[in-house]
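Asker: Requesting a structural model of the entry that follows:
(chains A and B)
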Protein chains: 2
Amino acid sequence: MKIETVDFFYLAMPEIRDVGDGSQDVLLVRLRAGEWTGWGECEAAPLVSIAAWNCPMSHSACKPVSHSVLGQRLESVEDIGRIHRAVRENSLDLLQADHTLSGIDIAMWDLLARREGRPVHSLLGFREVFPKIAYASQLFGADAQETFRKAEKVRGLGYRAAKFGWGSFGRGTPEADAAHVRAAREGLGAKADLLIDAGTVWENDVARAELRLGAMEECRVRWLEEPFVSGALGAYRELAARCDQVKLAGGEGCHNSYQAINMIDYAGLGFIQIDAGRIGGITSAKVVADHAEAKGLIYVNHTFTTSLALSASIQPYAGLSRHDLCEFPVEPTPLARSLTTVALGPDANGEIRAPDAPGLGVTPDLDVVRRHLVKVDIEVGGKLLYRTPEI
Amino acid sequence: MKIETVDFFYLAMPEIRDVGDGSQDVLLVRLRAGEWTGWGECEAAPLVSIAAWNCPMSHSACKPVSHSVLGQRLESVEDIGRIHRAVRENSLDLLQADHTLSGIDIAMWDLLARREGRPVHSLLGFREVFPKIAYASQLFGADAQETFRKAEKVRGLGYRAAKFGWGSFGRGTPEADAAHVRAAREGLGAKADLLIDAGTVWENDVARAELRLGAMEECRVRWLEEPFVSGALGAYRELAARCDQVKLAGGEGCHNSYQAINMIDYAGLGFIQIDAGRIGGITSAKVVADHAEAKGLIYVNHTFTTSLALSASIQPYAGLSRHDLCEFPVEPTPLARSLTTVALGPDANGEIRAPDAPGLGVTPDLDVVRRHLVKVDIEVGGKLLYRTPEI
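Answerer: Residues are numbered from 1 along each chain as shown, chains lettered A, B, ... in the order given. Take a look at the predicted model:
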């Protein structure tokens, strides 16, 4: 069984707003081998990840991703590993390749698990699947009052944990930020886990981050996420040393397992957050989950789009019981919400489980795909290099 | 003075060969502000870096690079810094953005320095420029005999240092590799610096790398470059501890200064190698050079294409006297060799200096550009998003 086709579908809302909502577009990947089809998703910038699929070769270590994927044997987990390594080696100098590979890797796991009639987590070697507490992931309100209302709302919906992020947080005064954090705690009530996402706003400025710690300690924030950019190891470690109960979280920007392992080993994190749609798919994410388990950190998925991406992001730690939180975007766009025929979500206990169905357990609704499809044509040197395929 | 246009020109040899020669294509950047023009170059995968320039926005932190550049004020070094930070922030989730930014950043430095009638190194604050020993950078021969002849040839040309890399090195037996290293030393003679580039061939496998150390110690190899992929900090440090006289070199894969600083701080390197065409341009490279100076490592440029890229790569450490080596590709393609009206190269003493002329001191030959131009058309959603401009 060989990989015969890999198709990319760029989907988007009719209007893309200038807000931190990552569910406004989707790069869906359809991979076919033999009689089987697998689906995957790449995080963000669909056009650029498509270009990485079949750009012309620059030299031996800068080939398009397609070079290492099309025509390859796909019959076992070892084959996935081999293709994964080949992409990394043959596209070493093609930066975007890691994001393109992510969706392909997810689709390979989906296809292989479907063929064996097993869920992906079973193919990953997990014998048991543990429920994760779904944390309601959303943007801060425009003001503290709106943040309060958003917190109250997710509390009413039964969430046991909630995260607020982006918006104006970290850009104004520490007092304004403290008002948001207090409003969130008040709205959630005393019991729920409160998580704060600074969205890398302070780049590597420990002093500016530290000014916000007091309110977070006071409100028993469980984690402060991405005070700094991914890889600013020294800044993370310095801030971590100044925290009392608050732990730091980060890692979503990592695009290979080495970067994430460095964050685990040197950044003083309490939580490592991995986006399977960026890090190189389920293969790389599983390496990081195992390292987090070994080092005593807590692994958490990062995801902000569809149920397909959500399922892919849960698989790598589905069977690790100590890692008990799961990001769940509560305000996705209609596109992201309706993309799959089955939508994943928390149960009455506020928990999510990786589906027990074959593969990722979700498939795209092709009518929704057709309605949101953005056609792409790329011509290089007078030749058509890429055209969005039929769905 | 505002940035009015940024144009990308994808240039390529008529045939791209499947070898580790990075000079087979070029992504040239022309930036115009007021009456002035600056030129820059992005390393590798031209189509993908073009796509990152004006892909549609995915969300607030995944905007095309153009969003943060076009129309911006460009009158001072501070303006370059501001634009640089804006790209990093607004294109946080667009992986390829760092490579696109690199060429733009180089062009901004070139333009601003030209306008002030000063070389870029002067604008960077250096009062004096120090010559660097040009090391002849080339691929290994197909067999040890050919490696010997290549070494003998560059010795005859007056080079005081030479590097051999890629090809079959590291993929066969340690004995075959040892034969190449001994042939290189024999061809170079006893005095010249011998450098070996493993091109990340062992990924993170310390044992396989260690098998090659004996021959390198015996042949007094000054550095072993990229035994492992960028970011494999633990593997680098472990191998470094097993070296005697041989030092490790690495860092060319870094696409921001944080990654390079981590390589300096945690990888046990003797040399940090930075490609200005990948790391975010001269701005980011200078941050790394200063950190290397502070930490006692030796900073070296990475470059394998044109005199434009070479000049850009030397500027960040032109005034740092202790950092005395400079990569010089001795086998560039006719495209790379002829792209600039003036070609940089070593003097009779085997040394290279950053040019004393305004800006980068080199400009493209527009006839050569026209002859090698590869036209690109990108259509998204039925609208023409990008078309190669007139030159």
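Asker: In contact with residue A:211: list those residues for me.
Answerer: residue A:174 (C-beta atoms under 8 Å, 6 or more residues apart in numbering or on different chains). C-beta here means a position set from N, CA and C on the backbone, and glycine is covered the same way.
Asker: try it again with 10 Å
Answerer: Taking C-beta atoms under 10 Å, 6 or more residues apart in numbering or on different chains as the criterion, residue A:211 is in contact with A:170, A:173, A:174, A:175, A:177, A:178, A:202, A:205.
Asker: List only buried entries from those.
Answerer: Burial by neighbour count, judged by 16 or more other C-beta atoms under 10 Å in any protein chain shown, picks out A:170, A:177, A:178, A:202, A:205 from the contacts of residue A:211.
Asker: Widest-spaced pair of those?
Answerer: When C-beta to C-beta is used, the two most widely separated members of the buried ones among the contacts of residue A:211 are A:178 and A:205, lying 17.8 Å apart.
Asker: hang on, isn't residue A:229 packed against residue A:203?
Answerer: Yes: taking C-beta atoms under 10 Å as the definition, residue A:229 is a contact partner of residue A:203 at 5.6 Å.
Asker: Phi, psi for the most centrally placed residue in chain A please.
Answerer: Against the mean C-alpha coordinate of chain A, by C-alpha atoms, centre = their mean, the closest residue is residue A:275 at 2.8 Å. Listed backbone geometry of residue A:275 is phi -100, psi 110, with angles given as degrees, to the nearest 10.
Asker: Show me what the host helix or strand of residue A:265 is packed up against.
Answerer: When elements are defined using DSSP states H and E, residue A:265 is found to belong to helix A:257-266. Contacts of helix A:257-266 with other secondary structure elements, assessed using 3 or more C-beta pairs under 10 Å, 6 or more residues apart in numbering or on different chains; DSSP states H and E, are made with helix A:233-242, strand A:247-250, strand A:271-274, helix A:281-295, helix B:233-241, helix B:257-266.
Asker: Do me a favour and average the pLDDT over that helix.
Answerer: The average pLDDT for helix A:257-266 rounds to 98.
Asker: That one vs helix A:281-295, what angle?
Answerer: Here helix A:257-266 points in a direction 20 degrees away from that of helix A:281-295 (axes from the mean of the first three to the mean of the last three C-alpha atoms, to 10 degrees).
Asker: How far off centre is helix A:257-266?
Answerer: What separates the centre of helix A:257-266 from the centre of its chain is 17 Å, taken as C-alpha atoms, centre = their mean, to the nearest Å.
Asker: CA atoms of it as PDB?
Answerer: Output of helix A:257-266 as PDB, limited to C-alpha atoms (Å, rounded to 0.1, in the frame of the first residue of the first chain):
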ATOM      1  CA  SER A 257      10.300  17.800  19.300                       C
ATOM      2  CA  TYR A 258      13.800  19.200  20.100                       C
ATOM      3  CA  GLN A 259      12.400  22.700  20.700                       C
ATOM      4  CA  ALA A 260       9.800  21.300  23.000                       C
ATOM      5  CA  ILE A 261      12.200  19.100  24.900                       C
ATOM      6  CA  ASN A 262      14.400  22.200  25.400                       C
ATOM      7  CA  MET A 263      11.400  24.000  26.900                       C
ATOM      8  CA  ILE A 264      10.800  21.100  29.200                       C
ATOM      9  CA  ASP A 265      14.500  20.800  30.200                       C
ATOM     10  CA  TYR A 266      15.500  24.400  30.600                       C
END
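Asker: Compute the inter-axis angle for it and helix B:233-241.
Answerer: Orientation note: helix A:257-266 sits at an angle of 80 degrees relative to helix B:233-241 (the same axes, to 10 degrees).
Asker: could you give the angle of the strand or helix carrying residue A:32 to helix A:281-295?
Answerer: When elements are assigned from DSSP H and E, residue A:32 belongs to strand A:25-33. Here the directions of strand A:25-33 and helix A:281-295 differ by 100 degrees (the same axes, to 10 degrees).
Asker: Can you tell me which helices and strands strand A:25-33 packs against?
Answerer: Judged by 3+ C-beta pairs under 10 Å, 6+ apart, the packing partners of strand A:25-33 are strand A:3-12, strand A:36-42, helix A:46-54, helix A:97-116, helix A:307-314, helix A:334-338, helix A:366-372.
Asker: can you count the residues close to residue A:390?
Answerer: 6 (other C-beta atoms under 10 Å in any protein chain shown).
Asker: Three-state assignment for it, please.
Answerer: On the three-state scheme (DSSP: H, G, I helix; E, B strand; the rest coil), residue A:390 is labelled coil.
Asker: export the buried ones among the contacts of residue A:211 to CSV and tack on secondary structure?
Answerer: Written out in CSV, the entries for the buried ones among the contacts of residue A:211 read as follows (three-state DSSP):
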residue, secondary structure
A:170, coil
A:177, helix
A:178, helix
A:202, coil
A:205, coil
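Asker: Between those, which sits nearest residue A:98?
Answerer: For those, with residue A:98 as the reference and C-beta to C-beta as the criterion, the closest is residue A:202, at 25.4 Å.
Asker: related to what we said a few turns ago, now the residue nearest to the centre of chain A, nearest residue through space, not along the chain?
Answerer: Distances taken as C-beta to C-beta, 6 or more residues apart in numbering or on different chains put residue A:302 closest to residue A:275, at 4.1 Å, once the chain neighbours are dropped.
Asker: Do I have it right that the one you found meets residue A:314?
Answerer: No: using C-beta under 10 Å as the test, residue A:302 is too far from residue A:314 to be in contact (11.2 Å).
Asker: Quick check: neighbours shared by the two?
Answerer: Once C-beta under 10 Å, 6+ apart is applied, the residues that residue A:302 and residue A:314 both contact turn out to be A:276, A:285, A:327.
Asker: can you tell me the helix or strand for the first one?
Answerer: What that stands for is residue A:276. Per DSSP H and E, there is no helix or strand for residue A:276.
Asker: Kindly provide the distance from it to residue A:370.
Answerer: The spacing between residue A:276 and residue A:370, counted by C-beta to C-beta, to the nearest Å, is 25 Å.
Asker: More neighbours: which of these two?
Answerer: Each of residue A:276 and residue A:370 had its neighbours counted (other C-beta under 10 Å), and the higher figure belongs to residue A:276 (33 against 12).
Asker: Let me see the contact set for that one.
Answerer: Taking C-beta under 10 Å, 6+ apart as the definition of contact, the neighbours of residue A:276 are A:40-43, A:102-103, A:105-106, A:109, A:282-286, A:288, A:301-303, A:309-316.
Asker: With residue A:93 instead?
Answerer: Residue A:93 neighbours (C-beta under 10 Å, 6+ apart): A:58-63, B:20, B:22, B:43-45, B:99, B:252-253, B:275, B:278.
Asker: redo that, cut-off 8 Å
Answerer: For residue A:93, the residues meeting the contact criterion (C-beta under 8 Å, 6+ apart) are A:58, A:59, A:61, A:62, B:22, B:43, B:44, B:45, B:253, B:278.
Asker: Just say helix, strand or coil for it.
Answerer: Using three-state DSSP as the criterion, the local structure at residue A:93 reads coil.
Asker: So chain A: which segments form each domain?
Answerer: By the record's domain assignment, chain A is partitioned as A:3-118+A:365-387, A:123-352 (automatic domain parsing).
Asker: From chain B, how far out is residue A:96?
Answerer: Applying C-beta to the nearest C-beta, to the nearest Å, one obtains 4 Å for the distance of residue A:96 from chain B.
Asker: per-residue confidence for that residue?
Answerer: For residue A:96, the pLDDT comes out at 98.
Asker: cool, and residue A:226?
Answerer: According to the per-residue confidence, residue A:226 scores 98 in pLDDT.
Asker: got it, and residue A:390?
Answerer: With respect to pLDDT, residue A:390 scores 89.
Asker: do the same with residue A:343
Answerer: Looking at residue A:343, its pLDDT is 94.
Asker: Skip the chain neighbours and tell me the closest residue to it.
Answerer: Counting by C-beta to C-beta, 6+ apart, residue A:307 is the residue found nearest to residue A:343 once chain neighbours are left out, at 5.0 Å.
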